[in-house]
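*Asks:* 3D, please:
(one chain, ligands or ions: 3)
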Amino acid sequence: MPHADNSNMQLSLNNTDASSSRILIADDDPSILLLLKHILLAEGYTVTEAATGSEALELCNNNEYELAIFDFVMPDMSGIDVCKILSHQINDTPPVLIVTSLDDDASVDKAFQSGATDYITKPINWSVFKNRVSRIVKAEQTRKVARRLEHHDPLTGLPNRLLLLDRLESAIYRAKRNNTHVALMMIDIDNFKLINETLGHDKGDLLLQSLSTRLLDAIRETDTLSRIGGDEFSLIIENIERIEDIVQMAEHLSNILEHDITLGNQNIHIKASMGITLYPQDGNDIGTLLRNSDIALHKAKDLGSNLYHFFSPDLSRKAFRRLNLENNLRNAIDNKELVVFYQPKVELTTGKARGMEALVRWQHPEQGLIPPDEFIPIAEETGLIIPLGEYVIETACKQFCQWQNNNIDINNISINVSARQFKEQDLLGLFKKIFSENDIDPSHIELELTESALLNNEYHTESKLNKLHDMGIKISIDDFGTGYASLSYLKRLPIDILKIDRSFTDGVLTDPDDLAIINAITGLATALGLQLVAEGIEDIEQLNKIIDLGIDYGQGFYWSQPCSADQYMELLQRLALNK
Ligand code: C2E
Ligand code: CA
Ligand code: CA
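*Replies:* Ligands and ions are numbered 1, 2, ... in the order given. As a prediction, this is how the structure comes out:
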């Protein structure tokens, strides 16, 4: 048989080569499996075996075959069932030959209805078998070549619109089954027409090729990029865990696409607009999703300054706000727009403020006071958490020093440190500098870390934590109870304080589980000699219950919301008068 490489295959559809044809055989009877394998190997095919239906399905999902031969009866999943599932997965499904000993009409009907290409009955007549296999494989090879030509864009080699529809339908099918999301992103190169007209189509083609390479480099292997029109690309993104991931992806792609090129002696600024829809939020079928992503794309183009736009107005608003925040956050630190608020930590037996927690806010010139939950995560992602964290620590320490100098009894101050900040910031150096410049006893400083921040990269964590603790700084575990099941680190690491997460305080009167958890934490803290703080006490009933449970300290709106340094002085007076 003549060897045919890929380029030949495109020209001569009739020349097929068994050795380039992969066949999957699935049968639970090892002797039949062996027999089939031998016959097929002797014919020159490449053979893969599966002993169960589910194994066969898995193999089909991850590999390409020119033919799948399934036994009708298999214990876990019949050949017919595998066939049915495969036929829903539209793209790249191999033709299926069903091997059956049940040659009555009903089972033959069943085989065809489930999408099988053909069937053969046991006992197998081997020459009929070989003929049938060869016929199906040849037809499949021809179909594949034709499909490739029909389904790909010759300029970039990317899937075209036709294949996009196929892939989108399969993606939706998978998402439906696994209860996940799919994003469809339309990408349009701004002013491409102009580029084409002024520089000519050859240059335009070159640009499109280079853009498609850029995009391919930036996406994951599981995402499908296609070219669906002159300057329009589309991207299917599967397995989305968080909507923020899509926002990040969109930002990443627009960064990658935006660049200057020199074509001839002209310098051209390239950028793109994107419209994004989500399954199932914005539509349940491919038609609706395509339509809506086009609408979103036009919106993005209309808005001009906005590089991407979600079909859902709500997501769009969020994404836009986020993009804005990210850009402005860089300036906020320099412009002194960040302010530190303070919330008292109250000693429950005396009702006296015995410390405070520093909580950052962003006083945005247009948007007003922005809470940390909205910008700390962005600061973490972008690395801005390092200068931001430094600012908070310095501000809080200076404020503490000033109060101390005015003979105001603050006792101690605790400062939040997020995961990346703890990992990357030179906290030791920073505090050495602060303690050398300000008259502060390190034992008045507490750092609040979450369990997740402490438990990644353990070795590093331990020595860093020990050094801070050796300086005299206290270590507090924030949001305690929400994180890890393993508590052994409490003994190993130098920890002084546990802050019981607000969600437990919230349910202490109403949810027996919350009460049980608080009881357990109290026992643990007593045994290990740790100070306990209940977060989020909002009313007198919760307060009384928390006191009954023997917890020493509390924080919450019952006493005060976090407030500015000035307001804090009034608050202290009010608390002093109360008791
Ligand atoms: P967190 O460390 O758990 O801070 C406690 C949060 O609970 C604060 O929200 C506080 O205002 C709120 N809170 C206090 N008492 C009550 C109450 O009785 N009821 C309710 N519902 N809430 C109460 P905030 O200030 O919005 O801070 C949110 C989170 O942002 C903080 O959670 C902390 O993880 C982070 N954060 C705040 N400031 C900083 C900072 O300077 N650096 C870092 N890395 N993270 C910070
Ligand atoms: Ca905290
Ligand atoms: Ca907390």
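
*Asks:* who's in contact with the residue nearest to residue 72 when sequence neighbours are not counted?
*Replies:* Residue nearest to residue 72 in three dimensions, not counting chain neighbours: residue 100, with 3.7 Å by C-beta to C-beta, 6 or more residues apart in numbering. Placement of C-beta: from N, CA and C, glycine included. Applying C-beta atoms under 8 Å, 6 or more residues apart in numbering to residue 100 gives the contacts 71, 72, 73, 79, 107, 108, 111, 119, 120, 121, 122.

*Asks:* scan this structure for its longest helix.
*Replies:* Of all segments of type helix in the chain, defined using DSSP state H, the longest is helix 126-151.

*Asks:* so what's the residue nearest to residue 72 scoring on pLDDT?
*Replies:* Looking at residue 100, its pLDDT stands at 87.

*Asks:* what about residue 35, distance to ligand 1?
*Replies:* 65 Å (C-beta to the nearest ligand atom, to the nearest Å).

*Asks:* for the helix or strand where that residue lies, which outside residues touch it?
*Replies:* Using DSSP states H and E, residue 35 falls within helix 30-42. The contact list for helix 30-42, computed with C-beta under 8 Å, 6+ apart, reads 23, 25, 27, 47, 49, 51, 69, 71, 99, 126, 129-130, 133.

*Asks:* so which of the residues you listed is the most crowded?
*Replies:* Scoring these on neighbours with other C-beta atoms under 10 Å, the highest-scoring entry is residue 69 at 28 neighbours.

*Asks:* please list only the buried members of the contacts of residue 100.
*Replies:* Buried by 16 or more other C-beta atoms under 10 Å: 71, 72, 73, 79, 107, 108, 111, 119, 120, 121, out of the contacts of residue 100.

*Asks:* which stretches of the stretch 51-200 of the chain form strands?
*Replies:* Counting by DSSP state E, counting those that start in this stretch, the stretch 51-200 of the chain has these strands, from start to end: 67-71, 96-100, 118-121, 182-189.

*Asks:* same list (those strands) but as TSV, adding distance to ligand 3.
*Replies:* Formatted as TSV, those follow (distance: least, C-beta to the ion, whole Å):
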stretch	distance to ligand 3
strand 67-71	55
strand 96-100	57
strand 118-121	64
strand 182-189	33
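
*Asks:* return the set of buried residues in the longest helix of the chain.
*Replies:* 129, 132-134, 136-138, 140-141, 144-145, 147, 151.

*Asks:* and that helix, what other elements does it pack with?
*Replies:* Helix 126-151 sits against helix 6-11, helix 30-42, strand 67-71, strand 96-100, strand 118-121, helix 161-178, with contacts defined as 3 or more C-beta pairs under 8 Å, 6 or more residues apart in numbering; DSSP states H and E.

*Asks:* check the ones you listed for me and report the most buried one.
*Replies:* strand 67-71 (a mean of 27; mean count of other C-beta atoms under 10 Å).

*Asks:* who touches that strand?
*Replies:* 21-29, 32, 36, 53, 56, 60, 79-80, 82-83, 86, 94-100, 133, 136-137, 140.

*Asks:* partners of that strand in the sheet?
*Replies:* strand 22-26 (parallel), strand 96-100 (parallel) (DSSP bridges).

*Asks:* wait, residue 468 touches residue 447, no?
*Replies:* Yes. Between residue 468 and residue 447 there is a contact under C-beta atoms under 8 Å: 6.8 Å.

*Asks:* mutual contacts of those two, please.
*Replies:* In contact with both residue 468 and residue 447: 427, 475, using C-beta under 8 Å, 6+ apart.

*Asks:* quick one: the helices in the stretch 351-500 of the chain?
*Replies:* 372-382, 385-405, 419-424, 427-437, 451-455, 458-471, 489-492 (DSSP state H, counting those that start in this stretch).

*Asks:* would you turn the ones you listed into CSV with mean neighbour count and distance to residue 353?
*Replies:* Output for the helices of the stretch 351-500 of the chain, formatted as CSV (neighbours: other C-beta atoms under 10 Å; distance: least, C-beta to C-beta, whole Å):
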stretch, mean neighbour count, distance to residue 353
helix 372-382, 17, 22
helix 385-405, 19, 12
helix 419-424, 18, 26
helix 427-437, 15, 23
helix 451-455, 18, 27
helix 458-471, 14, 25
helix 489-492, 13, 27
